[in-house]
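# Just to be clear, the model below is a prediction. Sequence and coordinates:
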Amino acid sequence: MAESLTQAAADLYALPPADFTAARDELARQARSAGQRDDAAVIKKLARPTVSAWLVNQLVRAAQQPMRRLYELGEALHAAQQELAGDRLRELSAQRRQLIAELMPEVSRLAADSGVTASGSALDEVRATLEAALADEGAREAVRSGQLTRALRYAGLGEVDLAAALAVVPPVRGGTGPARAPAVAAGAGQAGAGKAGASKAGASKADSDGKPGAAAAGAGKPGPGRATPAAAAAESAAERARRDLAEAEAEVAAAAQRLADAENQIATVSERRQFHGRRVAQLRAELDGAEAEGRELARAARDAQRVRDAAARAVERADRMRTQARQRARNR
């Protein structure tokens, strides 16, 4: 029995998919026998990985250095997108294509060494998972765990859905980002309203104290903490400009990501075309060899037929000679 649930999951997801269910059920049985019913229930719920997810899990274990490069490249791509560094993005996109091209043969080798059949669709899912790890921080951490149950895919917007792709779903990432911004804005608005109310109360009190000129004077020039209409308009324009800039930066980043995805798709299609071209050439060579062998076998069959016919004629001649010899012997 593994010492912990984490170790149990790590052990299970290192096994070939065909061995997973039996090993999982045995671990759950051992946990129940040891009185660890909660652990047994958790182990029993661990999902068997798809072939593509299993291949990525094994890649994490067997190709640690290239996968470390993949994690670092994903972080560099994210930084370049945030900085809107077009030249840097193009450079990193080329590195991404090269790294994926280096990893895919290793995936095929792992499948062959383990006796696992990796179909073309499974290899496509592996590639999509590696691409998702390059594009999304959550996907990188999921891949790094080595406990994927399903392949990942990045659609180009938002985060990768990990809910059904991990043995243990990680907690939702939090932070002090946009989700908290409305509350802060609301608080600021309430504070502003309080100040405005206090200003109005002060003005009313001045009027009630019999100082009619105070309110008029206050209306004529800005007091402490109050902005002129021109300043307020400038501030509003600056805020709109900042918002427009942020939206434009987000659109540029999204467009850069779409460009990188399109370039990668082109590279993927090109690689697959080359693979199929080599496969077709190989099949044609095998077909030519088979046809040549068929022609050789046909010649051999004809030669054998001639030998058989000659042997049959020899048998007939020998039989006739034997019959004649018998007749001569009887006549004597």
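On my side now, so go ahead. Numbers count the residues shown, from 1 in each chain.
# Pop the domain breakdown of the protein in here.
Following automatic domain parsing, the chain resolves into domains at 5-44, 51-145.
# which of those sits most buried?
domain 51-145 (a mean of 18; mean count of other CB atoms under 10 Å). Heads up, the C-betas are built off the backbone N, CA and C, glycines and all.
# That domain spans what distance, first to last residue?
End-to-end span of domain 51-145 (CA to CA, to the nearest Å): 17 Å.
# Report the secondary structure state of Ala155.
Three-state call for Ala155 (DSSP: H, G, I helix; E, B strand; the rest coil): coil.
# Same check on Ala151?
coil.
# Look up how far Asp303 lies from the spatially closest residue to it that is not a sequence neighbour.
Residue nearest to Ala151 in three dimensions, not counting chain neighbours: Glu125, with 3.7 Å by CB to CB, 6 or more residues apart in numbering. Distance of Glu125 to Asp303, given as CB to CB, to the nearest Å: 53 Å.
# which stretches of the stretch 51-200 of the chain have low pLDDT?
156-159, 161, 163-164, 167-200 (pLDDT under 70).
# what are the ranges of the helices in it?
For the stretch 51-200 of the chain, the helices defined by DSSP state H, counting those that start in this stretch cover 51-62, 64-83, 86-114, 120-135, 137-145, 181-208.
# Of the ones you listed, which is nearest Ala165?
Nearest to Ala165, of all these, is helix 137-145, at 6.3 Å by CB to CB.
# what's the closest one packed up against?
Applying 3 or more CB pairs under 8 Å, 6 or more residues apart in numbering; DSSP states H and E, we find helix 137-145 packed against helix 51-62, helix 64-83, helix 120-135.
# just the angle between the last one and helix 137-145, please?
Taking axes from the mean of the first three to the mean of the last three CA atoms, to 10 degrees, one finds that helix 120-135 is oriented at 120 degrees with respect to helix 137-145.
# For helix 120-135, name the packing helices and strands.
helix 51-62, helix 64-83, helix 86-114, helix 137-145, helix 229-331.
# re earlier: which among the helices of the stretch 51-200 of the chain is found nearest to Ala241?
Nearest to Ala241, of all the helices of the stretch 51-200 of the chain, is helix 181-208, at 18.1 Å by CB to CB.
# so what's Asp209 scoring on pLDDT?
On the pLDDT scale, Asp209 is placed at 44.
# before we move on, back to that, would JSON lines of the helices of the stretch 51-200 of the chain with distance to Gln36 be doable?
Formatted as JSON lines, these follow (distance: least, CB to CB, whole Å):
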{"stretch": "helix 51-62", "distance to Gln36": "25"}
{"stretch": "helix 64-83", "distance to Gln36": "32"}
{"stretch": "helix 86-114", "distance to Gln36": "31"}
{"stretch": "helix 120-135", "distance to Gln36": "33"}
{"stretch": "helix 137-145", "distance to Gln36": "23"}
{"stretch": "helix 181-208", "distance to Gln36": "43"}
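# now for those helices, which one comes closest to Arg328?
helix 86-114 (74.6 Å).
# residues touching the residue lying closest to Met67 once chain neighbours are set aside, list them.
Nearest-residue entry for Met67: Val60, 5.6 Å, with adjacent residues in sequence omitted and distances by CB to CB, 6+ apart. Val60 makes contact with 67, 143-146 under the criterion CB atoms under 8 Å, 6 or more residues apart in numbering.
# Repeat that for Thr129.
Taking CB under 8 Å, 6+ apart as the criterion, Thr129 is in contact with 52-53, 56, 139, 143, 148, 151-153.
# what's the closest of the helices and strands packed on helix 120-135 to Ala9?
That would be helix 137-145 among these, by CB to CB, at 8.8 Å.
# relative to helix 64-83, how tilted is the closest one?
170 degrees.
# can you list contacts of helix 137-145?
56, 60, 67, 70-71, 74-75, 78, 129-130, 132-134, 148, 152, 154, 159-160, 162, 165-167, 170, 173.
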